[in-house]
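*Asks:* Coordinates for the following, if possible.
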Amino acid sequence: MRIGVLALQGAFTEHEKMLRQIGVECFQIRQLSDLDVGIDGLVLPGGESTVMSRLLRDLGLYEPLKNAILDGMPVLATCAGAILLAQEVDGGVPCFATVPMKVKRNAYGRQLGSFVCEAEVEGIGIYPMRFIRAPYIAEASDKVRTMAEVDEKIVAAEYGSQTVLSFHPELTEDKRIHEYFAKRVQAFCSR
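*Replies:* As a prediction, the model looks like this:
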């Protein structure tokens with residue numbers, strides 16, 4: 001099992017560290033040739049979604065990654081990564097558009113609006129959530145499964161093999177979301 005972490009910008013190093021701590025082989029995706037080794041799962045980290053979207057296209061990564069996502073490869077998308085997967089982006093332009101949902105960018109304000117809370121994540125339990133200039137899911141198709149809400153706003157959801165989070169699990173010490181994702185990738189590899 002090999003998980004690629006998009007490493008164009010944002011909090012990719014923290015995801016790699018978390019995956020390695022749970023014994024998962026991972027590598028950085030920075031250019032098209034990085035995909036030559038094969039990829040079983042993908043992490044789209046937090047960062048700046050507009051910059052990542054542009055770089056994905058400029059570096060030729062957009063089409064192969066979108067095709068892999070559409071083929072059912074598991075994806076863990078956090079914060080800006082969730083924005084990349086949304087079919088509709090309030091205040092932005094869709095990128096991969098593979099999850100039938102609308103996200104509100106920077107929904108909690110600027111950097112000073114960042115916060116930490118704990119909430120129930122379906123299938124995980126009570127989880128420490130760190131929000132940094134975070135989006136939330138404003139609307140979602142009935143095919144999108146809500147996994148967590150904070151203040152009656154969807155902050156974690158799944159659609160097929162895609163897991164989207166408004167918060168940053170890689171910035172906590174809690175490994176359960178990465179373990180959950182690794183199990184999904186393992187199941188994908190075993191099919």
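*Asks:* Can you tell me the SS state at the spatially most central residue of the chain?
*Replies:* For the chain, the residue nearest the mean C-alpha position is A77 (0.4 Å; CA atoms, centre = their mean). Look at A77: counting by DSSP: H, G, I helix; E, B strand; the rest coil, its state is strand.
*Asks:* Give the bridge partners for it, please.
*Replies:* A77 has these beta-bridge partners by DSSP bridges: L44, V164.
*Asks:* ok, now how distant is I39 from F188?
*Replies:* 11 Å (CB to CB, to the nearest Å). Just so you know, the C-beta spots here come from the backbone N, C-alpha and C atoms, and that holds for glycine as well.
*Asks:* Name the residue in the two with the higher neighbour count.
*Replies:* Legend: neighbour count by other CB atoms under 10 Å for I39 and F188, higher for I39 (19 against 15).
*Asks:* ok, that one touching G4?
*Replies:* Yes: using CB atoms under 8 Å, I39 is in contact with G4, at 4.4 Å.
*Asks:* between these two, what contacts are shared?
*Replies:* Counting by CB atoms under 8 Å, 6 or more residues apart in numbering, the residues touching both I39 and G4 are I29.
*Asks:* surely P74 meets G160?
*Replies:* No: between P74 and G160 there is no contact, the gap being 9.0 Å when judged by CB under 8 Å.
*Asks:* ok, longest helix in the protein?
*Replies:* Counting by DSSP state H, the longest helix found in the chain is helix 176-190.
*Asks:* on that earlier part again, residues in contact with the residue nearest to the centre of the chain?
*Replies:* V43, L44, L84, L85, Q162, T163, V164, L165.
*Asks:* for the fourth one, what are its contacts?
*Replies:* If you count contacts by CB under 8 Å, 6+ apart, L85 has them with L44, I69, V75, A77, C95, F96, A97, T98, V99, Q162, V164.
*Asks:* same deal with the third one?
*Replies:* When contacts are counted by CB under 8 Å, 6+ apart, L84 touches L44, S49, M52, S53, L56, A77, C95, F96.
*Asks:* How much space separates it from E173?
*Replies:* With CB to CB as the criterion, L84 and E173 are 26 Å apart.
*Asks:* Repeat that for the last one.
*Replies:* Between L165 and E173 the distance, using CB to CB, works out to 16 Å.
*Asks:* Compare neighbour counts for those two and give me the winner.
*Replies:* Using other CB under 10 Å, the more surrounded residue of L165 and E173 is L165, with 29 against 7.
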